[in-house]
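Q: I'd like to go over a predicted model; first the sequence, then the structure.
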Amino acid sequence: MSEPLLSVRNLKTVFKTEDGQFAAVDDVSFELNEGEVIGIVGESGSGKSVTALSIMGLVPNPPGRIAGGEIRFEGRNLLELPEREMRRLRGGRMAMIFQEPMTSLNPVFTVGDQLFEGIIEHEGVGKRAARDRAVELLDKVGIAAPAERLDQYPHQMSGGMRQRVMIAMALACNPKLLLADEPTTALDVTIQAQILDLLRELQEEFRMAVIMITHNLGVVAEFAHKVMVMYCGRAVETAPVGELFERPSHPYTQGLLRSIPHLDHEGARLRTIKGTVPSPFALPPGCRFAARCEHARPACAEAEPPMIGVVPDHEAACIRLTGYRHDLTRATEPVA
Amino acid sequence: MGRYIVQRLLSSIPVIFLVTLISFSLMQLVPGDPAIMVAGLQATPDEVERVRVQLGLDQPFHMQLLHWYGNLLQGDLGTSFLLGRDVLEVTLERLPVSISIAVYALVMTLLVSIVAGIIAALRQNSWVDQLVMTIALIGVSLPNFWLGLMLIVLFSVHLGWLPTGGYVDFREDFWGWLQAATLPAVSLAMLQMGLLARITRSTMLEVLRQDYIRTARAKGLSERKVVGKHALKNVMIPVVTVIGIIFSLLLSGSVVIETIFSVPGIGSLLGSAILRRDYPVIQGGLLLVAAMLLLLNLVVDVLYAYFDPRVRYRNGK
Amino acid sequence: MANEIVGGATAVAPADPAPRRRSRWQSPVVRRLLRHRMFVSGAILLLIVGLAAIFADLLAPSDPLKISIRTRFEPPGAEWLFGTDNFGRSQWSRVLYGARLSLMIGLGVVILNAVFGTLVGALAGYFRSLDNLLMRITDAFMAFPVILLAIGITAALGPGSLNAVIALAAVYTPRTARIVRASVLVVREMEYVEAARAMGATHWRIIWHHILPNCMAPLIVQLTFIFAYSVLSEAVLSFLGLGAQPPTPTWGNIIAEGRQYIREAPWITAIPGIALAMTVMGLNLLGDGLRDVLDPRLKVQQG
């Protein structure tokens, strides 16, 4: 099999603050093939956004810095690319959509101006060609009367409309990889579904690989092929999407799934994960989830658990899984 | 846009009314009998009485006020006790001098401090940043009249590069004007330069943290485009709003600076009027300056609307 | 077993240490101020000037008014620390006594500003019916350049320290009032104010107990800067002959007198200016530090 489109190995991104340094992303690895969609799930502060920013080379420095690891995209290690090359990729081969459509567009330029500049930058076309392309893009993301919209300012549009503009901007140069950082969180519920549908259609049409960052497992279930669950800067579980919902193996993932309301479980109580996320400056020596985990044992506090395979392509970082695989393999051997 | 300007004009009417009222009331603060002050201490009671009637000081307060407004509407700001000339005429005559120096200082301020502030922000916490901010801090702490005197000692007395004072009309001899106006303009501009460099830096730092800057970077734009296009126009919004304040500070400073450099502008006119108790000149000069600043603030607001489409559209096209 | 781990883990990773009783000096605000380089340097500068002002009569062995023809224009040196002026008076004494007057005048303006600025700002912010009128009046005052209006007022009232204080207070109060009003407008919408209102608290009680304490941060920052501007503006007034009258030494009038002898005896002019700049810089640094720590979102006022 050929090399994956994107491969992140042992990524570590640290931030320096007044109170000291902490790793927002700590030893995270995953792969993504062409046209594949991965959902990165976690609470705020789990490091999922920083993972995306690290791939885009947009970690604000200072205070942030990529301290280690490797990000290979189309065969090249992005961390070793000169800034010029990186700029060519950004907005070209890979693009990103952000969470806040209200603040992600520059208030003092027209929507058209902000759409053109990326096209002109990457395709080297003139303003007229860029304009035609922009109209086409706005049409594609479902904005009516696109030609008129080009001359409007962001504040004249609704949140959903602005997010469509952001998507159009990201698609401007046919990216192979789209990073979507909570693209629907700031929107009204009805608009959320529309934007999600739009993204799915476009993903299929353009055969893009997508990194969908969200705290909403429902979004993942609908959209992603595989999932990575993050907690306190670490990946705690990775699995194909069906696998994850069927056999959640990390207690944190299990907790997340239990906190989703189900229509068919009417009357059943929702369960929340007790406790709070530890401060990134005072992480426990062992498993970072131990303090909140109902299965915690003394060994959990001793060393950080490694990723342990559950079935092929499904791994979780929990010591309860040590030896589990063998049992499972034996039990399912004839099938596998 | 037109409607916005009209709205803005209408809303400044009550302020203009109050400004004139304050100018008028200043005269009422003068302790003792203004008629005696005007006629002079040696004047006979008859002479004092005549002056009193002449100035309308025998009328009750509201009549004086009405009378004053009547004159004001006809462009009559009174007569200088000292020069025996029309106040409006005297002040208007000297206004171009002050404005030429203030504009020079303003241009200097904008050029130096916007560039310095942006560089400091882009190299936050570097030695360049620290240097710029230290100079800016010194700039906002130096008394301008003292700085003027020190500049005279250095550049005129010791080095002999620039004249110690005086003024040359820029329409007649631009080079001469530049030589004469440079030290006064620098003394005037120092405070504002420090102030604006600090504002520009902190605004720039804040703008650079905004989401839309990240979006611009995510598009793969060059850093020059990100800063020079996306950040700069947003930085200009608050910078433009303080131009009014800066100009006001420049005119404030002109009283002492023009006195020190013997520049025949409106500031030195006010300076000598103060020393000689020439109240109509003080009153009229203040009013004129305030009116000018109100007008300037109007211009600033229009500029602001130009830079910020949110304002432009909120107030109707 | 599991509980032990959970307990142990929380002990290792305390999100926030249990609140202890702290003395005032250990409060987070004071600690952050003491760690703020600008604040500390400003405080040190001011401490120097302040001590010099307080102990002027101890530090200065000679009378600042004592004229001596034999010692005119002595340059700074071992005998005359800051030199002497055209009347042979000790500059050291005059500058120290000048510090006393400068700080007193600045303080006077700050106190008047605090009282009237708070009063007007609170009234405008709390009683909407008064707001428009009061704000138009402050607009009108602010239409005049600060120093020009102060000059106009002192010129009308007559020269002198007290009149200078009155004029500067009159000029700066509208600016302070605007800042107080802005925070009152925010605080008055808070729920605890609503609650107090619902419980039938009087307007006076609501303003005094619930609103004003929460407007202190921007007010303190503003007053520090007003202190700096007042010291600077007072020097301008004295320089123009509108402040305290000679022979009483103020930094402004020493500079004005020295101006005539600037070629032969530049120190007469230079030294009080440096003292003035030091004081103003100290106050500016103090204000920057306070703003960073107390009220990080407060920026330079606009408009």
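A: Cool, the structure landed.
Q: Name the spans of chain C whose pLDDT lies under the cut-off.
A: Chain C contains residues with pLDDT under 70 at C:1-26, C:61, C:64-68, C:71-74, C:78-82, C:86-88, C:295-303.
Q: For it, which residue occupies the most central location?
A: Centroid-nearest residue in chain C: C:F227, 2.0 Å away (criterion: Cα atoms, centre = their mean).
Q: what's the spacing between that residue and B:L147?
A: Distance of C:F227 to B:L147, computed by Cβ to Cβ, to the nearest Å: 21 Å. Using the backbone N, CA and C atoms, a C-beta is placed for each residue, glycine as well.
Q: Just after the helix or strand where C:A177 lies, pick out the following helix or strand.
A: Following DSSP states H and E, one finds C:A177 within helix C:161-187. For helix C:161-187, the following helix or strand on the C-terminal side (DSSP H and E) is helix C:191-198.
Q: okay, now B:G148: neighbour count?
A: By other Cβ atoms under 10 Å in any protein chain shown, the residues close to B:G148 number 26.
Q: And for B:L29?
A: 16.
Q: any idea how far it is from C:P218?
A: Taking Cβ to Cβ, one finds B:L29 at 31 Å from C:P218.
Q: which parts of the stretch 101-250 of chain C sit against chain B?
A: C:136-137, C:139-141, C:143-149, C:151-153, C:155-158, C:228, C:232, C:235-236, C:239-242 (Cβ under 8 Å from any Cβ of the partner chain).
Q: Now the buried members of those.
A: Buried members of those, counted by 16 or more other Cβ atoms under 10 Å in any protein chain shown: C:137, C:139-141, C:143-149, C:151-153, C:155-157, C:228, C:232, C:235-236, C:239-242.
Q: Alongside chain C, which residues does the stretch 201-336 of chain A contribute?
A: Residues of the stretch 201-336 of chain A lying near chain C (Cβ under 8 Å from any Cβ): A:275-276, A:278-279, A:282-286, A:290-298, A:300-301.
Q: how far does the helix or strand containing B:L195 sit from the chain's center?
A: For B:L195, the host element (DSSP H and E) is helix B:174-208. Relative to its chain's centre, helix B:174-208 lies at 13 Å (Cα atoms, centre = their mean, to the nearest Å).
Q: I'd like the mean pLDDT over whatever helix or strand comes next after it, please.
A: Where DSSP H and E defines the elements, the next helix or strand beyond helix B:174-208 is helix B:211-218. Average pLDDT, helix B:211-218: 90.
Q: anything in helix B:211-218 near chain A?
A: Yes: applying Cβ under 8 Å from any Cβ, one finds helix B:211-218 touching chain A at B:211-212, B:214-218.
Q: now the residue of the stretch 101-250 of chain C found nearest chain A, what's its secondary structure?
A: Nearest to chain A in the stretch 101-250 of chain C, going by Cβ to the nearest Cβ, is C:A217, at a distance of 19.9 Å. Under DSSP: H, G, I helix; E, B strand; the rest coil, C:A217 falls in the helix class.
Q: re earlier: give the buried residues for the helix holding C:A177.
A: C:161, C:163-185, C:187.
Q: ditto for stretch B:255-268
A: Across stretch B:255-268, burial judged by 16+ other Cβ under 10 Å covers B:255-261, B:263, B:265-268.
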